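>>> 3D, please:
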Amino acid sequence: MIPGLTEKAYIGLKIKGYVSITPDVNELVKKADLEGVDTVWHRFQYQQPQCGFGLTGVCCRHCNTGPCRVDPFGYGFPTGTCGASPDLIASRDLLDLVVHGATTRLQEALIMINTAKAVAEGRTKDYGLKNPERLHELADTLGLKAEKDLDLLKSLAETLETEIHRLTDEPLLTAVKLVPEEIVEIWEKNDLLPKGFSRELMDANYRSNMGTDSDPISVVKQAIRISILDGLLATFTTTIMDEILLGDKAPGKGRSGLGVISPDNVNIFIRVMPVFAGKIKMAAQDPKLLEMARKAGAKGISVIIPSGNMIMQELPIITGLTEVMVVDHQCIYPHIVEIARKYHTKIVIVDPVAKLPGAIHMPMTPENASRVAKEIVRLAVKNYVNRKPEKIYRPTHISEFTTNPTLNGLKKAFGGSFKPIADAIRDGSIKGVVVMHHCTNPKVKHNYGHYTIAKKLIENDVLVLTMGCSMMAAALTGLAKPDSIKLAGNGLMRLLAAFNLPPVIPLGPCVETTRELLILYEISKELGTPFNKAPFAASAPEWMNGKALSAVLYYMAHGLLSHVGTVPQILAAPGVEKFLTEEMEKITGGKLVIEPDPDAAADIILKHLEKRSLTP
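Residues are numbered from 1 along each chain as shown. You can find the predicted model right below:
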């Protein structure tokens, strides 16, 4: 029980008890309620009961003869006006959701490509080539050569850009060069190997149009190809360009939780890509801006790079202690502007494409990043004096965690290779590796699914890698710090004790989720076993959007058991559900597992890893 709260329903809410297992979240939701402010949890409750047709995947809005609602239970008409079956309707919606997620990742990739080209062409002094070693590793893999490092960087950027814009039929270069051969062969034989991104996006919109592709499995396969493009081109580009331009990172020390907010400092919360986040943090160290802050009455300037996951984004505003919140395009609630109006917080959006009505638009580019960063910090300092003392709440929860290393940073932390992990799998010290990823969702208790699954897995000697909101769930609940090793099974404890690493290893924001996949590739090589037979699995316990669903599908396409905890909208589409949960296993070795109960989900994952045990 959190001090000061009871199990009574919040005023105005239908929820009884708590919305989160994380301290300060419940208190701030209650504070918002008392102040007449609607959070995401309020707005979700106002939507109840949600439409059953939509929840099960049989509401179609793909043409203007609709919307059509198909009865999957046999009491009403079994198709839409055009004759679309429940399976076809659900498959189209699934494809559309994956396309939305993958194209968001594509925009991030284009930002990183533009930054890399600006560095290579000398158009910016704000960034540089920090990691030539990683550049050469990737260039060698992709077969690129140049005499000078900057020319090689430009060649890499242009090669990836070409794959994005390509409309021809050749298979995706990064898939052919990076993915284990046995997986590429499976994809080629089963119409899952993607072409260029633009070609597949064109095909996706073509297939999902009314009266075009009427085969639900053909449509689902298109969604899987798009998801592979996400993992191996869009998110891959952001991941590797971050490592090349910003440098390798070793595991470090960080703090999570809303308690990191300092009442004595100017506070700037940022939810933006790492390439821009670092510039704002640097700007906050400018001596002139620090002096300006002191004159305003503050002791310093704090730049807070998410201390929590995405569902918590409104709460820093509700503390009354946040001068500026900086966002781009990553799962930003439009309502944060309305909430900010009731406090003193200014909302700044730096995305070059997306708009947020009511926010201050300051697009960041490779050429202007440092200047815009200083403008943002200056805005925050000026806003410090506008705090409303009667609306201030000081959070207290702080949880230390191991900050996210890059691929080579983690490899070095394990002594220079991932052989120690492979050896521990072979000798049975650990059962395998599970990647946990993506969202939080108001449909379930905040962070509970992530925490419950991760805790049970590490107790049973499974190494957990985690990214995005799942990473922050591990950080907030104490699973991502080295002393949480005491919760691990004996085998996992022995593996990690020598390297001072936690049993749940954070690997970065969701914009770089491919890092988990690349690490699994390397562990698989050390094991010397086919990738789709290795003891790996994936879990998205509280997934919410198309970016998460895309990752769910590309893990499944790689032969992993891919678990989701919040139910996808396919339950009234038996053919689609059977294909994803049963038939895909016969094709790639991977399958979708839908299990809302996190304890039961952990058991399913453990049984799967036992079946794939490599121990004699």
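>>> packing partners of the host helix or strand of residue 140?
Here residue 140, judged by DSSP states H and E, is contained in helix 132-142. Judged by 3 or more C-beta pairs under 8 Å, 6 or more residues apart in numbering; DSSP states H and E, the packing partners of helix 132-142 are helix 149-165, helix 173-178, helix 235-246. In this view, the C-beta of every residue, glycine as well, is placed from N, C-alpha and C.
>>> how about a cut-off of 6 Å?
helix 149-165, helix 235-246 (3 or more C-beta pairs under 6 Å, 6 or more residues apart in numbering; DSSP states H and E).
>>> tell me how many other residues crowd residue 246.
The criterion is other C-beta atoms under 10 Å. On that basis, residue 246 has 18 neighbouring residues.
>>> so this protein: which segments form each domain?
Here the domain parsing of the chain from automatic domain parsing is 86-246, 258-391, 407-611.
>>> which residues of the stretch 1-150 of the chain score low on pLDDT?
Where the stretch 1-150 of the chain drops to pLDDT under 70, the residues are 1-16.
>>> show me where it has its helices.
Using DSSP state H, counting those that start in this stretch, the helices assigned to the stretch 1-150 of the chain run over residues 25-34, 40-46, 52-56, 86-120, 132-142, 149-165.
>>> can you pull the phi/psi pair for residue 77?
phi -70, psi 140 (degrees, to the nearest 10).
>>> state the distance from the closest residue to it other than its chain neighbours to residue 52.
Closest residue to residue 77 apart from its sequence neighbours, by C-beta to C-beta, 6 or more residues apart in numbering: residue 71 at 6.5 Å. Using C-beta to C-beta, to the nearest Å, residue 71 is found at 10 Å from residue 52.
>>> and residue 366, by the same measure?
Residue 366 is 48 Å from residue 52, by C-beta to C-beta.
>>> do residue 399 as well
With C-beta to C-beta as the criterion, residue 399 and residue 52 are 39 Å apart.
>>> which residue is nearest the centroid of this protein?
In the chain, the centroid-proximal residue (C-alpha atoms, centre = their mean) is residue 510; its distance is 2.7 Å.
>>> residue 566 looks like it's in a strand, true?
No: per DSSP: H, G, I helix; E, B strand; the rest coil, residue 566 lies outside any strand segment and is coil.
>>> so residue 482 is in contact with residue 504, correct?
No: using C-beta atoms under 6 Å as the test, residue 482 is too far from residue 504 to be in contact (10.7 Å).
>>> these two: who's more crowded?
In this view residue 482 and residue 504 are compared by other C-beta under 10 Å, and residue 504 has more residues nearby, 33 against 18.
>>> quick one: contacts for the more buried one?
454, 464, 466, 474, 479-480 (C-beta atoms under 6 Å, 6 or more residues apart in numbering).
>>> I'd say residue 131 and residue 249 touch.
No: contact between residue 131 and residue 249 fails when scored by C-beta under 6 Å: they sit 10.0 Å apart.
>>> hmm, back to that, who has more neighbours, residue 366 and residue 52?
Using other C-beta under 10 Å, the more surrounded residue of residue 366 and residue 52 is residue 366, with 21 against 12.
>>> A strand includes the more buried one, no?
No: counting by three-state DSSP, residue 366 is not part of a strand but coil.
>>> could you report the pLDDT at it?
We have a pLDDT of 93 for residue 366.
>>> please name the nearest non-neighbouring residue to it.
In space, residue 366 is closest to residue 118, 3.8 Å off (C-beta to C-beta, 6+ apart).
>>> right, and that neighbour touches residue 368 too?
No: contact criterion C-beta under 6 Å: residue 118 and residue 368 do not qualify, at 10.7 Å.
>>> out of those two, which sits in the busier spot?
Between residue 118 and residue 368, counting by other C-beta under 10 Å, residue 118 is the more crowded of the two (20 against 15).
>>> and the more buried one, how far is that from residue 250?
27 Å.
>>> next, count neighbours for residue 397.
18.
>>> can you check residue 206 too?
There are 11 residues near residue 206, going by other C-beta under 10 Å.
>>> kindly report the same for residue 63.
15.
>>> show me what contacts it?
Contacts of residue 63 (C-beta under 6 Å, 6+ apart): residue 210.
>>> repeat that with 8 Å
82, 210-211 (C-beta atoms under 8 Å, 6 or more residues apart in numbering).
>>> and for residue 462?
So residue 462 contacts 430-434, 492, 605-606, 609 (C-beta under 8 Å, 6+ apart).
>>> the residue nearest to it when sequence neighbours are not counted: what's it in contact with?
Distance criterion C-beta to C-beta, 6+ apart; nearest residue to residue 462, sequence neighbours excluded, is residue 431 at 5.1 Å. Counting by C-beta under 8 Å, 6+ apart, residue 431 makes contact with 425, 460-462, 535, 606, 609-610, 613.
>>> show the buried residues in the residues you listed.
Buried subset of the contacts of residue 431 (neighbour count, 16 or more other C-beta atoms under 10 Å): 425, 460-462, 535, 606, 609.
>>> which one of those is nearest residue 296?
Using C-beta to C-beta, residue 462 comes nearest to residue 296 of the buried ones among the contacts of residue 431, at 49.7 Å.
>>> run the chain-centre distance for the helix or strand hosting residue 411.
Taking DSSP H and E as the definition, residue 411 sits inside helix 407-413. How far helix 407-413 lies from its chain's middle: 21 Å, per C-alpha atoms, centre = their mean, to the nearest Å.
>>> can I get it in CSV, CA atoms only?
The C-alpha trace of helix 407-413 is given here as CSV (Å, rounded to 0.1, in the frame of the first residue of the first chain):
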residue,chain,number,x,y,z
LEU,A,407,25.8,-3.4,-29.1
ASN,A,408,29.5,-3.1,-28.9
GLY,A,409,29.3,-1.5,-25.5
LEU,A,410,27.4,-4.5,-24.1
LYS,A,411,29.8,-6.9,-25.9
LYS,A,412,32.7,-5.2,-24.2
ALA,A,413,30.9,-5.4,-20.9
